[in-house]
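Participant: Have a look; sequence and predicted model below, questions after that.
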Amino acid sequence: MAPLQVIGAGFGRTGTDSLHEALNILGYNTHHMSCIFKNENLDFETFKEAHRNPEAIDWDKPYDGFDAAVDWPTCNFYKELMVKYPDAKVLLTVRTPESCKIRKNKRYTTYGHQSCLDGVFSDEEKMKDEKAIQKLFIDHIEEVKRHVPSDRLLVMELGEGWDRLCQFLGKEVPKVPYPHNNAAAFFQDRISKYFD
């Protein structure tokens, strides 16, 4: 189903779970890190290799069957994906860094270091530094805004509904409420299922 039509450049914990469901409601088949957790047949090796050599990756392979992608690991490779899929639109989900608390939990170090936050999940000392984590979020947001042309970018604040998203993507506003998923307790519970 690739090429991708929508590239999510926002880090996880910025409303990407809700956006994942919203895009599916709009008719996309959307890649999200939870898809990798749920389906061991999905290609994760390509993402690991991409951290070493992103220019050599055939991006159609890990996104086979998808036409939109959000969350990690996609957000780490938005620049490469923009080149590969020049007609794709970019969504940047944002929220205040203070509300993006990532639990300091070994569950993340076993898997997340291969795909998230430039490896910070694998460094227990860095995970203790909330200011450093917040700076990573802020720096990433500013980098995306600088890099992506304004006509290809929609910046979405946490809690926004359908209107701007549907206008940007050229879609009708659905007759259902915009999803509001992934409260912190739910996130922790879901991740626990995959790492315990």
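Facilitator: Perfect, thanks for sending it.
Participant: For residue 154, see how far away residue 167 is.
Facilitator: 9 Å (CB to CB, to the nearest Å). Any C-beta I mention is one placed from the backbone N, CA and C, and that applies to glycine too.
Participant: more neighbours, those two?
Facilitator: The neighbour count for residue 167 versus residue 154, taken as other CB atoms under 10 Å, is higher for residue 154 (18 against 11).
Participant: Tell me the secondary structure of the more buried one, please.
Facilitator: Three-state call for residue 154 (DSSP: H, G, I helix; E, B strand; the rest coil): strand.
Participant: Pretty sure residue 91 is one of the things it touches, is it not?
Facilitator: Yes: using CB atoms under 8 Å, residue 154 makes contact with residue 91 at a distance of 5.4 Å.
Participant: Touching both of these two, which residues are there?
Facilitator: Common neighbours of residue 154 and residue 91 are listed as 165, 168 (criterion: CB atoms under 8 Å, 6 or more residues apart in numbering).
Participant: Residue 54 reaches residue 80, doesn't it?
Facilitator: Yes: with contact defined as CB under 8 Å, residue 54 reaches residue 80; the gap is 4.9 Å.
Participant: middle-most residue in this structure, spatially?
Facilitator: Nearest residue to the geometric centre of the chain (CA atoms, centre = their mean): residue 71, 1.3 Å.
Participant: So that residue: helix, strand or coil?
Facilitator: Under the three-state scheme (three-state DSSP), the conformation of residue 71 reads as coil.
Participant: my guess is it meets residue 18, correct?
Facilitator: No: contact criterion CB under 8 Å: residue 71 and residue 18 do not qualify, at 10.8 Å.
Participant: Run the chain-centre distance for stretch 45-56.
Facilitator: Relative to its parent chain, stretch 45-56 has a centroid offset of 17 Å by CA atoms, centre = their mean, to the nearest Å.
Participant: So which bits of that stretch are buried?
Facilitator: Residues 46, 47, 50, 51 are the ones in stretch 45-56 that count as buried (16 or more other CB atoms under 10 Å).
Participant: wait, which of those residues is closest to residue 36?
Facilitator: Set against residue 36, the nearest of those by CB to CB is residue 47 (8.2 Å).
Participant: how about the CA coordinates for the helix or strand containing the closest one, as CSV?
Facilitator: Assigning secondary structure by DSSP states H and E places residue 47 in helix 45-52. C-alpha atoms of helix 45-52 as CSV (Å, rounded to 0.1, in the frame of the first residue of the first chain):
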residue,chain,number,x,y,z
GLU,A,45,14.8,-5.0,11.5
THR,A,46,14.8,-2.3,8.8
PHE,A,47,14.2,0.4,11.4
LYS,A,48,17.2,-0.9,13.5
GLU,A,49,19.3,-0.8,10.4
ALA,A,50,18.0,2.7,9.5
HIS,A,51,19.6,4.1,12.6
ARG,A,52,23.0,3.0,11.3
